[in-house]
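# Turn this into a model:
(one chain, ligands or ions: 1)
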Amino acid sequence: MTMIDRRNLLAGSAALLAATTARAADAPTDTLKAAAASKGRRFGSAFAWSPPGADAGSFANPAYAALLKRDCDVLVPENQMKWQAIRPAADRFDFSRFDPMVEWATTNGFALRGHTLLWAYSKWFPAWLNNHDFGQRPAVEAARILDQHIDTVTKRYGRKIESYDVVNEAVDPDTGGLRETSLSRAMGGTAVVLDHAFRTARAAAPHAELVYNDYMSWEDGNAKHRAGVLTLLEEFRRRGTPVDALGVQSHIGLFKPTTDAGAVAKRLEPEWRAFLDRVTGMGYRLVITEFDVRDKGLPATIAPRDKGVADFARAYLNIMLSYPQLGDVLAWGMSDRYSWLRGFEPRTDGVIARGCPYDVDFRAKPLRGAMLAALAGGVQRAVVAR
Ligand code: XIL
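Below you'll find the predicted structure:
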């Protein structure tokens, strides 16, 4: 190498270094919240309660709190606002875990989503509600219990909670019909319960975005679930039920063995777009409420697994982010260390699922890079009133 060559090379590297440094400093896209903000959106995550310092996906765990502060604008309680957590009996509420979460989030400048005012699925009802004696006038008693719940929660937190998953998972994925519960039997049908919940929420929290949240997803085998959700959304419109947005949970996944996640995504894209077109065509906005990636179909080896997860996520998020109607984007946890996927759906080979943006040691993974790129590359969010 001549002196001239060496000088050019050095000058070139210096210029490259300067450009990279400038980019990092200016970049609106070096955190997930900044990437989302560059297109008028917010990014967020689920979080939990724990005693101070516990090894948990909690605000009280400094390692986890640091991830939330770095990447998130908006938080949602993973479990602590559900009936099982806050309503131990028909006549008793317990906010001892959720209150400190709300306090921490608001003092640290986070927005909050509420999950959920009604998980319309017996499996997730508290036992007392499944077995409740609704008495001589069951419809009145059921409406009283439901109204009291929605009023108590929404009024306690007021404007601190800006968006609610009012109803969660009311559609049975196997049939596309609505699930029956003790409330639906008492009130004369599931549709009555759901309308009642949304109307009560609108009256009690007129400032809030009201969301119907469900897990109809883009993978094979979800056609009935998607059709059922479309029917429900159509009926809401026909009856004038106040629903602003569809919450697309987005627990996406590769379940069958594959080495080409991009190809799987390409095959799934047309039907998924058709679904989203129908939803937005009815005037609903979209929210990604619980994003993570199930990696069962990918090899255990970390590099190809992380690449498959990132490729699948990027393709999915690129589609979602091509809709100006898409608002907030929330992950269902930031670190694999605390992800519900570890317990809910363990891999058959026993290795830890890698479906969150950070690994078990809080290191950013390729998935975070894919999320960053997709958020930065999305279309501008449409301006909305509520
Ligand atoms: C899950 C939590 O992550 C778990 O800790 C809990 O045991 C069960 O619920 N859809 C939802 C969420 O709407 O509330 C679920 O959260 C995940 C699937």
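# contacts, neighbours, all on C-alpha from now
Fine.
# How many residues are close by the residue in the chain positioned nearest to the ligand?
Nearest residue of the chain to the ligand, counting by CA to the nearest ligand atom: residue 340, 4.7 Å away. Counted with other CA atoms under 10 Å, residues neighbouring residue 340 total 16.
# any idea how far it is from residue 366?
Distance of residue 340 to residue 366, given as CA to CA, to the nearest Å: 20 Å.
# for the spatially closest residue to residue 169 that is not a sequence neighbour, phi and psi?
Nearest residue to residue 169 in three dimensions, chain neighbours excluded: residue 214, at 4.7 Å (CA to CA, 6 or more residues apart in numbering). Torsion angles at residue 214 (phi, psi; degrees, to the nearest 10) stand at phi -160, psi 170.
# So what pairs up with residue 214 in the strands?
Note on residue 214: beta-bridge partners by DSSP bridges are residue 248.
# Would you confirm that it contacts residue 248?
Yes: when contacts are counted by CA atoms under 8 Å, residue 214 is listed as touching residue 248 (6.0 Å).
# got the phi/psi numbers for residue 298?
phi -100, psi 150.
# Repeat that for residue 326.
Backbone phi and psi, for residue 326 under degrees, to the nearest 10, turn out to be phi -80, psi 120.
# check contacts around it.
Shown in contact with residue 326 (CA atoms under 8 Å, 6 or more residues apart in numbering): 285, 286, 287, 288, 320, 381, 382.
# which of those residues count as buried?
The neighbour-count test (16 or more other CA atoms under 10 Å) marks 285, 286, 287, 288, 320, 381 as buried among the contacts of residue 326.
# Of these, which belong to strands?
Counted as lying in strands by DSSP state E, out of those, are 285, 286, 287, 288.
# before we move on, the earlier item: what is the burial count for the residue nearest to residue 169?
Residue 214, neighbours per other CA under 10 Å, totals 24.
# for the one 4 residues further on, same thing?
Around residue 218 sit 22 other residues, with neighbours defined as other CA under 10 Å.
# Look up how far residue 374 lies from it.
Distance of residue 218 to residue 374, given as CA to CA: 18 Å.
# Over to residue 354?
With CA to CA as the criterion, residue 354 and residue 374 are 19 Å apart.
# Of these two, which one has the most company?
A count of neighbours by other CA under 10 Å puts residue 354 above the other of residue 354 and residue 374, at 27 against 24.
# for the closest residue to the more buried one other than its chain neighbours, what are its contacts?
Residue nearest to residue 354 in three dimensions, not counting chain neighbours: residue 336, with 5.8 Å by CA to CA, 6+ apart. By CA under 8 Å, 6+ apart, residue 336 lies in contact with 342, 352, 353, 354, 355, 356, 357, 358, 359, 360.
# In helices, which of the residues you listed appear?
With helices defined by DSSP state H, the entries of these inside them are residue 342.
# From the contacts of residue 336, which land in strands?
Among the contacts of residue 336, no member falls in strands (DSSP E).
# Output the contacts of residue 336 as a markdown table; include the columns pLDDT.
Shown next, in a markdown table, are the contacts of residue 336 (pLDDT from 0 to 100):
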| residue | pLDDT |
| --- | --- |
| 342 | 94 |
| 352 | 97 |
| 353 | 97 |
| 354 | 98 |
| 355 | 98 |
| 356 | 98 |
| 357 | 98 |
| 358 | 98 |
| 359 | 98 |
| 360 | 98 |
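# ok, which of the contacts of residue 336 also contact the ligand?
Residues of those in contact with the ligand (CA under 6 Å from any ligand atom): none.
# among the contacts of residue 336, who's most crowded?
Highest neighbour count within the contacts of residue 336, by other CA under 10 Å: residue 355, with 32 neighbours.
# how near is that one to residue 349?
Counting by CA to CA - residue 355 and residue 349 are separated by 16 Å.
# What of residue 221?
Counting by CA to CA - residue 221 and residue 349 are separated by 24 Å.
# Check residue 229 too.
Relative to residue 349, and taking CA to CA, residue 229 is found at 34 Å.
# Between these two, tell me which one has more neighbours.
residue 229 (28 against 9).
# Now do the phi/psi pair for the closest residue in space to that one that isn't next to it in sequence.
The shortest distance from residue 229 to any non-neighbouring residue, by CA to CA, 6+ apart, is to residue 171 (6.5 Å). The phi/psi pair for residue 171 (degrees, to the nearest 10) reads phi -90, psi 130.
# how deep is residue 171 tucked in, by neighbour count?
Quick note: residue 171 (other CA under 10 Å) scores 26 neighbours.
# Could you double-check that it sits in contact with residue 190?
No: under the criterion of CA under 8 Å, residue 171 is not in contact with residue 190, lying 9.8 Å apart.
# so what's in contact with these two at the same time?
178, 179.
# Now stretch 217-225: buried residues?
Buried, per 16+ other CA under 10 Å, within stretch 217-225: 217, 218, 219, 222, 223, 224, 225.
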